[in-house]
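Asks: Sharing a sequence plus its predicted fold:
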Amino acid sequence: MPELPEVETTARLIEPGLLGRTIRGVQVEWLRSLGGMSRPKFERAVVGAKVSRVWRRAKYVVIDLQRRGKPAGVLLVHLRMTGRLVVTGRGVDAPDYNRVSLELDRGNLHFLDVRKFGRFTFHPEASPALEHLGPEPLSDATTPEFLYGALGARKRAIKPLLLDQTFLAGLGNIYVDESLFGARIHPQELASRVSKAKALKLHAEIQRVLREAIVREGSSFDAFYRTPEGQPGSYQHLFRAYGRTGKPCERCQRPIRRIVVGQRGTHFCPRCQVLSKASR
């Protein structure tokens, strides 16, 4: 599933083709992509509106709309497993696996989704639909001290906690494994048992990993994730833990192990990331 870097990349790359464009028409090939809204209602909500902003919140691409200079709702796009957003010129055929298209006054926006799990939904306001989300890991408000305090208040294994979008929004399996490896924290360590020094290191690693992955336009470890321009990301070439089962740890040469934590495949170094006795 695309995580924060992939979604941030998507939002940044589609923005130039959408900003200031007016929606002239709608084509819906897979009704469930609209999240329960009927096609006529969706069409009435968006046709005639202008795109005023494209941004990211957690794993959502958010497209702000306006009419006559006033807010007119938002489109929330969740890519899920195989979703993609692509902007094309007018007269260009929709790519394969197109589920929803917006005809613009200049060009088209297509929502592609091989497995049909993604959502392309309209909401009168963004806040109610996003209020369940936790803080952004790259926000100035998410300080090292904030993370340390938040971890100390939870008696949960740290990996499932970091995957919980109500705790910290945008992280997924890949970047949690990479961040925990960098901070030398075992994925089953109880969050409340993480020392302040390691919590501060974890904060630094989360930010470093996410920022570098954004620069490299995310990770393409399968055939599904591609940028809106059709290119793969390149952060997968820098993985130190995720997907490296049996390969030597870059620090100690011990083979990377794979276990299941919270029903998610998890990669770590058994020598560098030691589980404390209190968490066993």
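Replies: Arrived safely. None of the values given here were measured: they were computed from a predicted structure.

Asks: Leaving out the residues flanking it, which one is nearest to Q66?
Replies: Counting by C-beta to C-beta, 6 or more residues apart in numbering, S52 is the residue found nearest to Q66 once chain neighbours are left out, at 4.4 Å. Where C-beta positions appear, they are placed from N, C-alpha and C, glycine not excepted.

Asks: Oops, could you answer that again for F221 instead?
Replies: Excluding the flanking residues, the one nearest F221 by C-beta to C-beta, 6+ apart is Q236, at 4.8 Å.

Asks: now that neighbour, what's its secondary structure?
Replies: Under the three-state scheme (DSSP: H, G, I helix; E, B strand; the rest coil), Q236 adopts helix.

Asks: Just the pLDDT for F221.
Replies: Per-residue confidence (pLDDT) for F221: 76.

Asks: R258 sits in which helix or strand?
Replies: Per DSSP states H and E, R258 falls inside strand 257-261.

Asks: So what touches that strand?
Replies: For strand 257-261, contacts defined as C-beta atoms under 8 Å, 6 or more residues apart in numbering pick out A157, K159, P160, P187, Q188, T245, G265, T266, H267, F268, C269, P270.

Asks: I figured the second one was touching G265, is that so?
Replies: No: look at K159 against G265 with C-beta atoms under 8 Å: they stay out of range, at 10.7 Å.

Asks: Which one's more surrounded, those two?
Replies: Per other C-beta atoms under 10 Å, whichever of K159 and G265 has more neighbours is K159, with 26 against 13.

Asks: what about that one, which helix or strand?
Replies: Counting by DSSP H and E, K159 is part of helix 158-163.

Asks: what's the offset of the longest helix seen in the chain from the middle of its chain?
Replies: Ordering each helix of the chain by length in residues (DSSP state H) puts helix 196-215 first. When distances are taken as C-alpha atoms, centre = their mean, to the nearest Å, helix 196-215 is centred 16 Å away from the chain's centroid.

Asks: Using CSV, write out every CA atom in that helix.
Replies: In CSV, the C-alpha atoms belonging to helix 196-215 read as follows (Å, rounded to 0.1, in the frame of the first residue of the first chain):
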residue,chain,number,x,y,z
LYS,A,196,14.1,8.7,26.0
ALA,A,197,17.4,8.4,24.1
LYS,A,198,15.9,5.8,21.8
ALA,A,199,12.7,7.7,21.4
LEU,A,200,14.6,10.7,20.3
LYS,A,201,16.6,8.6,17.9
LEU,A,202,13.4,7.1,16.5
HIS,A,203,12.0,10.5,15.9
ALA,A,204,15.1,11.4,13.9
GLU,A,205,15.0,8.2,11.9
ILE,A,206,11.3,8.5,11.0
GLN,A,207,11.9,12.0,9.7
ARG,A,208,15.2,11.1,7.9
VAL,A,209,13.7,8.0,6.3
LEU,A,210,10.5,9.8,5.2
ARG,A,211,12.3,12.8,3.8
GLU,A,212,14.8,10.8,1.8
ALA,A,213,12.0,8.5,0.5
ILE,A,214,10.1,11.6,-0.7
VAL,A,215,13.2,12.9,-2.5
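
Asks: Mind listing what's buried along that helix?
Replies: For helix 196-215, burial by neighbour count (16 or more other C-beta atoms under 10 Å) applies to K198, A199, L200, K201, L202, H203, E205, I206, V209, L210, A213, I214.

Asks: Mind picking the one among those that's closest to F120?
Replies: Lowest distance from F120 to those (C-beta to C-beta) belongs to I214, with 22.9 Å.

Asks: how far away is that closest one from A94?
Replies: If you measure I214 against A94 using C-beta to C-beta, to the nearest Å, the figure is 28 Å.

Asks: What of G262?
Replies: Computed as C-beta to C-beta, the G262 to A94 distance reads 38 Å.

Asks: Equivalent analysis for S127, please.
Replies: Separation of S127 from A94 (C-beta to C-beta): 32 Å.

Asks: These two: which has the busier surroundings?
Replies: Set S127 next to A94 and count neighbours by other C-beta under 10 Å: A94 wins out with 17 against 9.

Asks: what helix or strand is that one on?
Replies: A94 belongs to no helix or strand, assigned by DSSP H and E.

Asks: check contacts around it.
Replies: Per C-beta under 8 Å, 6+ apart, neighbours of A94: Q27, T88, S101, N108, H110.

Asks: count of neighbours near the first one?
Replies: When you say that, I think you mean Q27. Neighbours around Q27, by other C-beta under 10 Å: 15.
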